[in-house]
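Peer 1: Here you go, sequence then predicted model.
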Amino acid sequence: MRAASRLAQADPGASAANRRPPASVLGALLDRDGPESFGSHLARLAEAAIVDSRVMLAHRLGADESAWPAAEDRFASDLLLADRIADPWLRALTASAAAAPIPILLGGHTLVGPGVGLIMGRTWR
């Protein structure tokens, strides 16, 4: 989400009204249905999922990571350890992912970027 910083988003020709915060379609579903619905939404759409949970946090709390749950909570979420997460929203999202009828991997851009290639047994050139 560092690329979503104000400096990175700034287009010299764009007015402040044309700039927008990070957003996600999946995040909008969770806004409507709650983080407990995360696993069931994904299970309806796929047989497995790899999700950049930092996008979910940016959608909910903005791109400024200082407003996000503590790093310990985020890393516990990556490991699907919901009982170790203090933040209620992230704990519910993580518990939903862990209980889903499909495998769900949570993580940051390293997982969904180069990590996908490693999972697939490929390297990107």
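Peer 2: Nice, thanks for sending it over. Numbers count the residues shown, from 1 in each chain.

Peer 1: How about stretch 77-89, which residues are buried there?
Peer 2: Judged by neighbour count (16 or more other C-beta atoms under 10 Å), stretch 77-89 contains these buried residues: 77-78, 80, 82, 85, 87, 89. Where C-beta positions appear, they are placed from N, C-alpha and C, glycine not excepted.

Peer 1: For residue 122, state which of those residues is nearest.
Peer 2: For the buried residues of stretch 77-89, the residue nearest residue 122 by C-beta to C-beta is residue 78; the value is 21.9 Å.

Peer 1: can you pull the contacts of the closest one?
Peer 2: Counting by C-beta atoms under 8 Å, 6 or more residues apart in numbering, residue 78 makes contact with 53, 106-108, 111.

Peer 1: So which of those wins on neighbours?
Peer 2: residue 106 (24 neighbours; other C-beta atoms under 10 Å).

Peer 1: Next, it: phi, psi?
Peer 2: Per-residue torsions, residue 106: phi -110, psi 150 (degrees, to the nearest 10).

Peer 1: need the contact list for it.
Peer 2: Residue 106 makes contacts with 51, 53, 77-78, 80, 94, 97, as judged by C-beta under 8 Å, 6+ apart.

Peer 1: What about the residue lying closest to residue 27 once chain neighbours are set aside, how many residues nearby?
Peer 2: Closest residue to residue 27 apart from its sequence neighbours, by C-beta to C-beta, 6 or more residues apart in numbering: residue 59 at 3.1 Å. By other C-beta under 10 Å, 19 other residues sit near residue 59.

Peer 1: Okay, and which of the contacts of residue 78 map to strands?
Peer 2: 106-107 (DSSP state E).

Peer 1: what about the nearest residue to residue 58 once chain neighbours are set aside, distance to residue 40?
Peer 2: Closest residue to residue 58 apart from its sequence neighbours, by C-beta to C-beta, 6+ apart: residue 22 at 3.9 Å. Per C-beta to C-beta, to the nearest Å, residue 22 is found 24 Å from residue 40.
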